[in-house]
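Novice: Based on what follows, work out the 3D shape:
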Amino acid sequence: MFPFTSYSTLQHCFADRLAAMLESHRSLGVYILVLANAAYDTRLWAQLAPALTARHAELAATLTETLRRGQIITEPDDDVMVFLKLNTIGFDHLGRMESRRAGTWDVMFNPIRALRPPRISGQKFEALLHPFDPAGFHFNKPFLAKEILWESQLAGKPARLLYNKFPFARLHGLLVPEPLRELPQYLTPELHGWAWHLCAHADMRGLCLGYNSHGAGASVNHLHFQSFVQKDPLPVQDPRFSHNGGQESYPLPCRRFTEPADAWLEIDRLHEQNIPYNLIYSKNCLHLVARVPQDSDKLAARCRGYGWSEVAGAVTLFSREVFEGMEAAGFEAELASFAP
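Specialist: All right, here's what the predicted structure looks like:
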């Protein structure tokens with residue numbers, strides 16, 4: 001079933017596939033994926049918590065016995081490390097996503113996402129274009145096949161929609177156009193136009209696509225967008241801000257485009273000047289933020305992992321103390337530090 005037909009279709013498909021994955025696969029990776037997605041959504045948690053509780057105990061016992069016997073663990077190292085951290089915390093103490101507003105801004109507390117492996121998002125920025133590495137992490141890895149939510153033709157191209165293993169948006173997916181072409185995370189006019197067309201013609205209200213370039217939070221060098229559903233506008237989409245026709249200045253430069261060709265001219269300019277950027281596609285609209293690289297000395301350590309969501313005004317935090325103490329002025333100062 002095509003998942004972007006309606007919000008209810010995607011919601012049911014999303015939940016049913018998670019439940020089926022948990023039932024049919026005993027791997028650490030599937031458990032972590034289902035747990036992180038359930039912890040983000042109260043409805044999913046109510047549905048899946050009993051099965052997750054049982055699976056956590058089962059996996060903990062198996063992993064403990066394997067380690068005690070000195071046997072080889074066949075699971076990916078990233079998944080083993082994440083599960084060991086989860087088990088140290090204890091299932092009953094795992095925090096679920098909480099959110100609040102700080103002035104104009106969306107502030108979220110998501111401690112499970114703090115366990116996410118950094119992959120290339122923690123690397124030093126050198127260039128927007130890096131050749132695709134078949135030996136690196138990418139979305140054609142066989143072990144990721146079970147994490148696919150949907151795969152078929154989409155807006156004239158083969159596409160694959162995977163779950164985001166550590167979500168930070170509603171119904172958060174990883175949308176990979178033409179995955180077998182193994183394109184690097186470097187946007188082309190063709191795929192910019194494809195993403196624009198998809199959002200412009202989607203039947204589902206609120207469908208958006210996020211995009212992180214290298215140096216702007218991208219963690220996988222395989223061309224992909226992040227799909228999500230935004231029932232209410234993101235802060236960056238608020239009419240009050242000058243890039244949307246309002247009177248208030250956004251904390252860092254942002255440009256809004258209503259024509260795909262105009263947007264591409266700016267993206268192409270950033271490519272020529274090797275400037276990192278984040279994009280948010282919505283219906284007939286694109287918000288573009290050019291920014292300093294993630295390893296810039298201008299940025300506080302906590303901010304270096306910020307991508308499209310944070311520059312769009314929706315920040316995910318991993319510390320309860322920071323979550324409860326974050327004020328609008330503090331976050332605005334963080335955003336201002338990203339100005340190139």
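Novice: Where do the strands of this protein begin and end?
Specialist: Using DSSP state E, the strands assigned to the chain run over residues 98-102, 105-109, 148-154, 157-163, 173-177, 207-212, 225-229, 255-257, 277-282, 285-290, 314-317.
Novice: angle of the third one against strand 225-229?
Specialist: Our comparison of strand 148-154 with strand 225-229, counting by axes from the mean of the first three to the mean of the last three C-alpha atoms, to 10 degrees, yields an angle of 100 degrees.
Novice: which residues does the residue lying closest to residue 103 once chain neighbours are set aside contact?
Specialist: Nearest non-adjacent residue to residue 103, counting by C-beta to C-beta, 6 or more residues apart in numbering: residue 328, 3.0 Å away. In this view, the C-beta of every residue, glycine as well, is placed from N, C-alpha and C. Going by C-beta atoms under 8 Å, 6 or more residues apart in numbering, residue 328 touches 102-105.
Novice: Which helix in the chain has the most residues?
Specialist: Ranked by residue count and defined by DSSP state H, the top helix of the chain is helix 42-68.
Novice: Counting neighbours, show which residues of that helix come out buried.
Specialist: For helix 42-68, burial by neighbour count (16 or more other C-beta atoms under 10 Å) applies to 44-45, 47-48, 51-52, 55-56, 59-60, 63.
Novice: likewise stretch 221-236?
Specialist: 221-230, 234-236.
Novice: could I get these as JSON lines with pLDDT and distance to residue 10?
Specialist: Shown next, in JSON lines, are the buried residues of stretch 221-236 (pLDDT from 0 to 100; distance: C-beta to C-beta, whole Å):
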{"residue": "221", "pLDDT": "96", "distance to residue 10": "27"}
{"residue": "222", "pLDDT": "98", "distance to residue 10": "23"}
{"residue": "223", "pLDDT": "98", "distance to residue 10": "22"}
{"residue": "224", "pLDDT": "98", "distance to residue 10": "18"}
{"residue": "225", "pLDDT": "98", "distance to residue 10": "15"}
{"residue": "226", "pLDDT": "98", "distance to residue 10": "14"}
{"residue": "227", "pLDDT": "97", "distance to residue 10": "9"}
{"residue": "228", "pLDDT": "97", "distance to residue 10": "10"}
{"residue": "229", "pLDDT": "96", "distance to residue 10": "7"}
{"residue": "230", "pLDDT": "94", "distance to residue 10": "13"}
{"residue": "234", "pLDDT": "97", "distance to residue 10": "18"}
{"residue": "235", "pLDDT": "98", "distance to residue 10": "23"}
{"residue": "236", "pLDDT": "98", "distance to residue 10": "23"}
